[in-house]
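In: Structure here, sequence nowhere to be found:
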């Protein structure tokens with residue numbers, strides 16, 4: 001099993017290395033100048049192109065479009081084939097793990113605390129041990145049910161994204177590097193999943209941060225996109241500082257960084273050690289999984305191509321934080337205050353992000369805030385004491401959220417805009433996308449028989465049980481349960497709103513170029529969230545006329561959508577026997593209540609935005625409660641002020657001292673030069689003056 005797991009990780013890594021170093025060889029890059037309209041790239045006549053032209057593509061005449069189709073084809077094969085083999089091996093490994101455990105899928109309890117035990121059941125192997133002088137680092141892999149299940153999700157979604165990108169990124173001049181970075185992203189996440197040592201896990205954790213920066217800023221020619229990438233990188237790095245120190249605390253306390261050893265030593269650790277370690281780890285989890293208060297990077301990460309959004313939101317970055325908590329769950333169970341903090345942050349995040357999604361006009365940002373909300377559900381389940389519910393919802397969410405993002409890409413490809421105000425009535429022109437996205441929204445809302453219905457039921461039941469028994473205090477459990485039920489209603493509302501505004505009603509007649517994105521223009525300052533009138537990146541430069549017929553995306557984009565629609569619809573039946581029908585009925589009624597309210601408002605005026613039901617609350621929701629502005633005032637501006645003071649001190653004090661010493665040297669040299677100017681008369685005069693001074697001194701002081 002360990003050999004197979006190694007191949008699952010290495011195949012995408014080798015694809016990344018091959019794609020980066022060899023996709024352009026043999027052959028050369030041929031370029032053509034874009035049209036005078038500045039649309040960013042040349043389109044083939046009467047051929048469906050993916051998301052082209054884009055608003056965040058460079059506008060200058062110097063921008064060149066890649067015409068080396070042979071290199072793109074090689075890059076596509078190099079990216080897709082190893083990922084497909086890796087996915088097949090991951091599926092086989094999951095089946096072998098399932099068969100080895102007798103097909104048991106129950107949740108193992110790991111009692112912790114004095115006298116308790118915490119163990120990991122799985123196959124592990126250490127390839128080598130690195131001596132550090134204190135706590136050794138073992139380079140090894142661990143294969144158990146948790147790792148095998150998440151690995152399948154990662155590999156399958158990555159494969160779907162790679163195939164989808166062949167059509168979506170057609171004609172992009174940097175497609176080879178783009179596909180290679182996706183492969184590296186996939187390999188890094190798989191390393192996190194299969195890692196048997198916390199330091200090895202941290203390596204994959206940080207490589208993912210690098211890949212997210214490179215892919216979010218793929219169209220870096222537009223400064224707005226590069227700023228969005230920098231914002232994502234910096235915010236997640238803030239959390240990673242705490243995460244690394246949390247690893248150090250656990251490893252030092254356990255005497256080993258091996259995950260199995262750490263879990264085994266948890267009962268012997270003091271509560272103070274566990275609380276400090278898990279709180280530090282929670283900072284990294286909040287950053288990677290975009291949870292309050294480090295959630296602000298995820299909506300702006302929509303600057304990247306839509307397939308990257310699908311990968312980040314469904315299978316890699318944001319899933320890593322939830323996975324780490326699940327992997328080290330006995331340590332978190334031994335730190336009850338940490339679970340209370342996690343519950344409060346999850347409660348705030350799930351409801352706040354759901355309200356923010358309800359007010360967005362950008363379809364991708366609706367899905368981005370939806371991801372924050374759904375991840376908070378998983379965090380809430382973990383806080384409530386149910387790892388199995390959190391992981392089950394993580395897997396189903398990966399399937400339907402990847403489906404929703406890929407469908408959103410197909411809609412954007414057809415319409416030419418991310419804004420739902422430019423959409424409407426698309427169900428006839430996009431029947432396949434309409435059906436698939438309907439499944440995705442049904443799963444998001446928790447409607448039967450979609451997969452989200454079953455996984456959300458388990459989450460809500462776990463949170464409900466925490467009211468009477470569980471690791472949470474009464475106040476934290478009550479807050480979490482109340483926010484979870486309210487979020488169900490708001491989720492039904494924003495999902496219904498997006499579905500209606502995209503596929504029903506009539507398209508607005510708008511042919512003017514889309515306005516400049518506000519949120520993307522200053523993402524590093526975190527001060528200007530998007531308004532409902534601003535398109536996100538990835539949208540075409542100009543909105544297509546409402547009378548222009550829309551058509552389905554190319555086959556390379558349709559097939560991944562169709563494949564992902566199957567698990568999004570049917571995956572929940574794997575746990576159909578565990579449904580709690582009373583809780584499920586309550587959840588369904590609440591979701592339909594939110595959906596019905598939006599439908600009634602929309603029905604009264606199909607051309608108006610149903611978000612008007614928020615009333616005066618709409619603007620704060622639209623701007624995500626001004627969290628970016630608060631961060632700008634509290635952190636960004638003080639840091640910029642400090643930086644300006646440092647620059648001024650460096651220029652006036654440090655450089656001033658250097659320049660002053662230079663000027664003093666030049667002045668002294670000028671004085672010395674007066675007696676070394678080659679004037680013989682001056683030399684004789686000076687000599688005589690010196691003789692007279694010596695003679696006078698001799699007479700006077702004799």
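Out: All right, it came through fine. This structure is a prediction, so every number in the text was calculated from the model and none was measured.
In: residue ranges with poor pLDDT in the chain?
Out: 23-68, 102-121, 508-548, 675, 702 (pLDDT under 70).
In: Which parts of it are strands?
Out: For the chain, the strands defined by DSSP state E cover 31-32, 65-66, 123-130, 137-143.
In: Buried deepest among these, which one?
Out: strand 137-143 (a mean of 22; mean count of other C-beta atoms under 10 Å). Yep, even glycine has a C-beta here, placed from its N, CA and C like the rest.
In: what residues does it touch?
Out: Applying C-beta atoms under 8 Å, 6 or more residues apart in numbering, the contact partners of strand 137-143 are 1-2, 5-6, 9, 93, 97, 120, 122-130, 194-197, 199-200, 256-260.
In: Turn the strands of the chain into CSV, columns for distance to residue 406.
Out: Converted to CSV, the strands of the chain look like this (distance: least, C-beta to C-beta, whole Å):
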stretch, distance to residue 406
strand 31-32, 29
strand 65-66, 23
strand 123-130, 34
strand 137-143, 29
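In: Determine which of the ones you listed approaches residue 416 most closely.
Out: With C-beta to C-beta, the closest approach to residue 416 among the strands of the chain belongs to strand 65-66: 18.2 Å.
In: Just the buried ones from the contacts of strand 137-143?
Out: Taking 16 or more other C-beta atoms under 10 Å as the criterion, what is buried in the contacts of strand 137-143 is 1-2, 5, 9, 93, 97, 120, 122-126, 194-197, 199-200, 256-260.
In: Now, the residues you listed that are in helices?
Out: Counting by DSSP state H, the part of the buried ones among the contacts of strand 137-143 found in helices is 2, 5, 9, 93, 97, 194, 199-200, 259-260.
In: and the two most separated of those residues?
Out: 97 and 199 (24.2 Å).
In: if we can go back for a sec, what about the strands of the chain, which gets the closest to residue 630?
Out: Residue 630 lies closest, by C-beta to C-beta, to one member of those: strand 137-143, at 39.5 Å.
In: The closest one to strand 123-130, inter-axis angle?
Out: For strand 137-143 against strand 123-130, the angle by axes from the mean of the first three to the mean of the last three C-alpha atoms, to 10 degrees is 170 degrees.
In: residues contacting residue 670?
Out: Applying C-beta under 8 Å, 6+ apart, we find residue 670 in contact with no residue.
In: distance of it from residue 677?
Out: 11 Å (C-beta to C-beta, to the nearest Å).
In: do residue 484 as well
Out: Taken as C-beta to C-beta, the span from residue 484 to residue 677 is 90 Å.
In: Residue 288 too?
Out: Relative to residue 677, residue 288 is positioned 72 Å away (C-beta to C-beta).
In: of the two, who's got more company?
Out: Remark: of residue 288 and residue 677, residue 288 carries more neighbours, 28 against 8, as counted by other C-beta atoms under 10 Å.
In: for the nearest residue to the more buried one once chain neighbours are set aside, what are its contacts?
Out: Counting by C-beta to C-beta, 6 or more residues apart in numbering, residue 321 is the residue found nearest to residue 288 once chain neighbours are left out, at 4.0 Å. Contact analysis of residue 321 by C-beta under 8 Å, 6+ apart lists 284-289, 291, 375.
In: Apply 7 Å and report the result again.
Out: By C-beta atoms under 7 Å, 6 or more residues apart in numbering, the residues touching residue 321 are 285, 288-289.
In: Could you single out the nearest of these to residue 642?
Out: residue 288 (27.4 Å).
In: wait, what's in contact with that closest one?
Out: Residue 288 touches 236, 239, 317-318, 320-321, counting by C-beta under 7 Å, 6+ apart.
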